[in-house]
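Student: this one's sequence-less:
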């Protein structure tokens, strides 16, 4: 998997995408083999007489294991938007011309993008007939996304969106240190976080240069606890506060928060959507600790995005509309 981390900033070729998928699957398969060879663990689990089994769609090893354990009720979980295996298991038509699977697609995809998306979906689909037939005998599919902000696609009554199920929208309390920081900024607060895995030392001083251009806003920035560089740069910036931990849910529901700059982790997206906060997304590949090209080489793109959102009310209005739509849906 090292090659994927090294090339995450580059546009991958079709062969690289396929190779990456198989390398990814081989890691799971090796883990599966070790698990299957442990007879002691198997017999201990067998004694438990489990009533149900939950597993991800990324690799099907667990479904074969559940079958061997005699577990009859099986629940398929997809922790990301619809992937090709979900379509294979449900029998739903796979709209490869419009819905991205393992390949990036633009809003108005070209013929090449559609063809590439189709090939990726075909090449990476499940090729283990026996486990696939077991996995297709599911009771419910839980999709860890929110249907309001997910990709529009075909669905079934047995597909349940559970994104945000554990999010507490009533959490507003925070430590005095953070409450104090949230009151700073003449026009409000902008929250900047690239998740808990990102190596923020890669950012250098580019973020602080952006912060300086918005003196009327207070920037609260999450940086890795080992990131001395960002903290040193922040010392000379009056409208910046840096911490290695932040009460994200409480901050998102604070009335003075105007914008969230995020690495696009789905939990962050769901929490922001439920709080009605507009986003600037800087996505990664599988939450790797490398930053997206715009932040490293084109910080002006982030600056332009901030200006667009804070000076155009339509973004906050739409974020609030999404929040209200989400809260209008009763999950169970």
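Tutor: Right, received. Where do you want to start? Just so it is clear, the model here is predicted, and its values are computed rather than measured.
Student: Which elements pack onto the longest helix belonging to the chain?
Tutor: Longest among the helix segments of the chain by residue count, using DSSP state H, is helix 14-36. Contacts defined by 3 or more C-beta pairs under 8 Å, 6 or more residues apart in numbering; DSSP states H and E place helix 14-36 against helix 2-6, helix 61-68, helix 111-123. (C-beta placed from N, C-alpha, C; glycine too.)
Student: Pull out the buried positions in stretch 235-247.
Tutor: 237, 239, 240, 241, 242, 243, 246, 247 (16 or more other C-beta atoms under 10 Å).
Student: Ends of that stretch, what's the gap?
Tutor: Taking C-alpha to C-alpha, to the nearest Å, stretch 235-247 runs 22 Å from one end to the other.
Student: where's it relative to the chain centroid, distance-wise?
Tutor: The chain centre lies 24 Å from the centre of stretch 235-247; the measure is C-alpha atoms, centre = their mean, to the nearest Å.
Student: what are the ranges of the strands in the stretch 51-200 of the chain?
Tutor: For the stretch 51-200 of the chain, applying DSSP state E, counting those that start in this stretch gives strands covering 52-56, 73-78, 140-143, 159-161, 188-193.
Student: Quick check: mean pLDDT of the fourth one?
Tutor: The pLDDT scores in strand 159-161 average 88.
Student: Numbering from 844 from now on, please.
Tutor: Taking 844 as the first residue, the last one we looked at is strand 1002-1004.
Student: sorry, back to before: go through the strands of the stretch 894-1043 of the chain and pick out the most buried.
Tutor: The highest average neighbour count among the strands of the stretch 894-1043 of the chain, using mean count of other C-beta atoms under 10 Å, belongs to strand 1031-1036 at a mean of 23.
Student: that older thread, show me the one of the helices and strands packed on helix 857-879 that comes nearest residue 991.
Tutor: With C-beta to C-beta as the measure, helix 954-966 is the member of the helices and strands packed on helix 857-879 nearest residue 991 (24.2 Å).
Student: In terms of secondary structure, what does the closest one contact?
Tutor: helix 857-879.
Student: Mind checking what helix or strand follows the helix it packs on in sequence?
Tutor: Next along the chain after helix 857-879, taking DSSP states H and E as the criterion, comes helix 882-891.
Student: List the buried residues in that following helix.
Tutor: Buried-residue list, helix 882-891, by 16+ other C-beta under 10 Å: residue 888.
Student: that older thread, can you redo the buried residues of stretch 1078-1090 as CSV with pLDDT, secondary structure and distance to residue 939?
Tutor: Below are those laid out as CSV (pLDDT from 0 to 100; DSSP: H, G, I helix; E, B strand; the rest coil; distance: C-beta to C-beta, whole Å):
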residue, pLDDT, secondary structure, distance to residue 939
1080, 91, coil, 47
1082, 95, coil, 47
1083, 94, strand, 45
1084, 95, strand, 45
1085, 93, strand, 44
1086, 93, strand, 43
1089, 94, coil, 39
1090, 94, coil, 41
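Student: Columns distance to residue 1103 on top of those residues, output as a markdown table?
Tutor: As requested, those are arranged in a markdown table below (distance: C-beta to C-beta, whole Å):
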| residue | distance to residue 1103 |
| --- | --- |
| 1080 | 19 |
| 1082 | 17 |
| 1083 | 16 |
| 1084 | 15 |
| 1085 | 16 |
| 1086 | 15 |
| 1089 | 11 |
| 1090 | 13 |
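Student: sorry, back to before: redo the helices and strands packed on helix 857-879 as TSV? Include distance to residue 1050.
Tutor: Formatted as TSV, the helices and strands packed on helix 857-879 follow (distance: least, C-beta to C-beta, whole Å):
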stretch	distance to residue 1050
helix 845-849	22
helix 904-911	41
helix 954-966	32
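Student: who wins for proximity to residue 978 among those helices?
Tutor: Of all the helices and strands packed on helix 857-879, helix 904-911 sits nearest to residue 978, with 4.2 Å by C-beta to C-beta.
Student: I'd like the strands of the stretch 894-1043 of the chain laid out as JSON lines, including distance to residue 1107.
Tutor: Output for the strands of the stretch 894-1043 of the chain, formatted as JSON lines (distance: least, C-beta to C-beta, whole Å):
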{"stretch": "strand 895-899", "distance to residue 1107": "20"}
{"stretch": "strand 916-921", "distance to residue 1107": "17"}
{"stretch": "strand 983-986", "distance to residue 1107": "17"}
{"stretch": "strand 1002-1004", "distance to residue 1107": "18"}
{"stretch": "strand 1031-1036", "distance to residue 1107": "11"}
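Student: where are the low-confidence patches of the stretch 894-1043 of the chain?
Tutor: With pLDDT under 70 as the threshold, the stretch 894-1043 of the chain has low-confidence stretches at 924-928, 943-948, 950, 967-973.
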